[in-house]
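S.K.: below are the sequence and a predicted model; questions follow.
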Amino acid sequence: MTGKPSTAGEVATIEKIQGKSEFQGTFNENGFCGSFDTRL
């Protein structure tokens, strides 16, 4: 903590980690599919 007010993004992240808020979005099992470095 730096003593400065938290941004909305920081507050939302902490709420999600603590389980106070649900994660939103979609799960993508192949998140790196097609990326060149997955074949290295």
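M.R.: Alright, I've got the coordinates.

S.K.: from C33, how far out is the nearest residue to F23 once chain neighbours are set aside?
M.R.: Once its chain neighbours are removed from consideration, F23 has its nearest residue in K16; the separation is 5.6 Å (Cβ to Cβ, 6 or more residues apart in numbering). C-beta coordinates here come from the backbone N, C-alpha and C atoms, glycine included. Relative to C33, K16 is positioned 25 Å away (Cβ to Cβ, to the nearest Å).

S.K.: and if you look at Q18?
M.R.: The gap separating Q18 from C33 is 32 Å, by Cβ to Cβ.

S.K.: again with S6
M.R.: If you measure S6 against C33 using Cβ to Cβ, the figure is 35 Å.

S.K.: try T26
M.R.: Between T26 and C33 the computed distance is 15 Å (Cβ to Cβ).

S.K.: try G19
M.R.: Here the criterion is Cβ to Cβ. By it, G19 lies 30 Å from C33.

S.K.: which parts of the protein are strands?
M.R.: For the chain, strands defined by DSSP state E do not occur.
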